[in-house]
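K.L.:
Need the 3D shape of this:
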Amino acid sequence: YFDAIEEGLANIYASESEDTEVTLIGHSIGGWVARSYLGGLGRSSTSVYRMTMDRCKSLVTLGSPHKAPPTALVDQTRGLLRAVEESEECSAEGLKQKGISVTCVGSTAIKGNIFTTDLEEIVATTSYLPLVEDWK
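P.N.:
Now for the predicted structure:
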């Protein structure tokens, strides 16, 4: 994911002026992956990363999880979300100290239900179940 972020940013920097400011916008997994990139968990030392740290003024996340459920059946992030959550550099305050404001936008969700004929509710249940610690 970090390579894809850097490739996209490199394309922007190649086509825009040197004073162009950047806002990263991430949906779902993209929100916390962008947080981890900006917080330095990718350990990037590229010129693109350095330019991003100078030019990025904000991060907007859309429907992104920012806390790993402590007793989930499956950690679909393979520990990355927990590492982001525990890293001071990736926190909203840590990013603010780097000059990057953070805006999180939430929404409503489809309530899961396994005792239904509504396909969307069944799909929601099967996708949410491994991620929650206590479902009732």
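K.L.:
Give me the pLDDT value at V102.
P.N.:
Among the per-residue scores, V102 shows a pLDDT of 95.
K.L.:
what about it, neighbour count?
P.N.:
20 (other Cβ atoms under 10 Å). Yep, even glycine has a C-beta here, placed from its N, CA and C like the rest.
K.L.:
Start at 768, not 1
P.N.:
Yep, numbering from 768; the last one is V869 now.
K.L.:
Buried residues in the helix or strand of the chain with the lowest mean pLDDT, which are they?
P.N.:
Scoring the helices and strands of the chain by mean pLDDT, DSSP states H and E places helix 886-895 at the bottom, with a mean of 78. Within helix 886-895, the residues scored as buried using 16 or more other Cβ atoms under 10 Å are E888, A891, T892.
K.L.:
Any chance you could list what contacts the lengthiest helix in the chain?
P.N.:
Using DSSP state H to define each element, the chain has its longest helix at helix 769-782. With Cβ atoms under 8 Å, 6 or more residues apart in numbering as the test, helix 769-782 has contacts from 787, 789, 791, 800-801, 804, 809, 811, 813, 815-816, 818-819, 822.
K.L.:
and it, average pLDDT?
P.N.:
On average, helix 769-782 scores 94.
K.L.:
Could you identify the helix or strand that succeeds that helix?
P.N.:
Stepping forward along the backbone from helix 769-782, the first helix or strand reached (DSSP states H and E) is strand 789-794.
K.L.:
All the strands of this structure, residue numbers only.
P.N.:
Secondary structure of the chain by DSSP state E: the strands cover 789-794, 823-829, 868-872.
K.L.:
so where's this protein uncertain?
P.N.:
836-842, 874-877, 895-903 (pLDDT under 70).
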